[in-house]
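# Provided below for reference: sequence and predicted model.
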Amino acid sequence: MRNNKLRMVTEIAIFASIGLIFDLLTFTFMPQGGGLSLMMLPIIIMSLRWGVGAGMTTGFIIGVLGIATGGTIYHWAQAGLDYCLASAVVGVIGVFRQPILKANRLAKKKVVTFYVVIGVLVSGFLKFSVHVISGVIFFAAYAGDQNVWLYSIIYNASHSIPSLILTLICSVTLLTTKAQLIQTPMHYVEVKS
């Protein structure tokens, strides 16, 4: 049990580092930040390997590291929303962990694909929602005469949707071809028929 906890913490550190690298390799094309990124992928893998808590912790650490490595910050609360919380909520995909592990064990790739797609869409929507709220609160001045909610939705959708599609394709491809990515030493005990 202790070795499993140590392994989980070690993997959180490794996957957070990979997430930071993906975040730093973002193709940024929006003026106030935002671009095409695979930063969600390591969080998704961690959350499906170890559960919601490990995934959210990985996302939170990626957010903190993003701030530390020169993230665009206008206010401390905006940093908390756009970096820490937005990355952490991706770990919610872990609620689909058990059905995905069971489908993997039974070699049902269509079921795996279904749950991965639903999980990535839910996680992506939560991340998008956090960014929209942050945009409404902290970037209203950029909306001009336009409705601030509409402005924030359009602005954030313009980079969130392409990143979500890329993450979705990579997640489904990885998790249907390399099921061992989300297997842990404990997963045989946890999955019930």
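Sure thing, it's come through.

# hey, let's count contacts and neighbours off CA atoms from now on
Will do.

# So which residue of the protein lies furthest out from the middle?
residue 145 (32.6 Å; C-alpha atoms, centre = their mean).

# Residue 96 is in contact with residue 117, isn't it?
No. The criterion here is C-alpha atoms under 8 Å, and residue 96 misses it with residue 117 at 10.3 Å.

# can you tell me how far residue 44 sits from residue 97?
10 Å (C-alpha to C-alpha, to the nearest Å).

# residues in contact with stretch 115-132?
Applying C-alpha atoms under 8 Å, 6 or more residues apart in numbering, the contact partners of stretch 115-132 are 44, 81-82, 85-87, 89-94, 96, 99-100, 149, 152-153, 156-157, 160, 164, 167-168, 171-172.

# Return the distance of stretch 163-177 from the chain's centre.
12 Å (C-alpha atoms, centre = their mean, to the nearest Å).

# Now, the contacts of stretch 115-132 that are in helices?
Judged by DSSP state H, these include 44, 86-87, 99-100, 149, 152-153, 156-157, 160, 164, 167-168, 171-172 as members of helices.

# ok, of the residues you listed, which one's closest to residue 63?
residue 87 (5.9 Å; C-alpha to C-alpha).

# Report pLDDT for that closest one.
If you check residue 87, the pLDDT there is 96.

# Contacts only, for it.
40, 56, 59-60, 62-63, 127.

# what do you get for residue 68?
Taking C-alpha under 8 Å, 6+ apart as the definition, residue 68 has no contacts.

# switch the cut-off to 10 Å
When contacts are counted by C-alpha atoms under 10 Å, 6 or more residues apart in numbering, residue 68 touches residue 62.

# mean confidence score for stretch 167-187?
On average, stretch 167-187 scores 85.

# Same check on stretch 62-69?
94.

# quick revisit: which residues are common contacts for residue 44 and residue 97?
By C-alpha under 10 Å, 6+ apart, the residues touching both residue 44 and residue 97 are 51-52, 116, 119, 182.

# Just the ones of these in helices?
Per DSSP H, the subset of the shared contacts of residue 44 and residue 97 in helices is 52, 116, 119.

# Verify the stated contact: the first one with residue 90.
Yes. Taking contacts as C-alpha atoms under 10 Å, residue 52 lies within contact range of residue 90: 9.0 Å.
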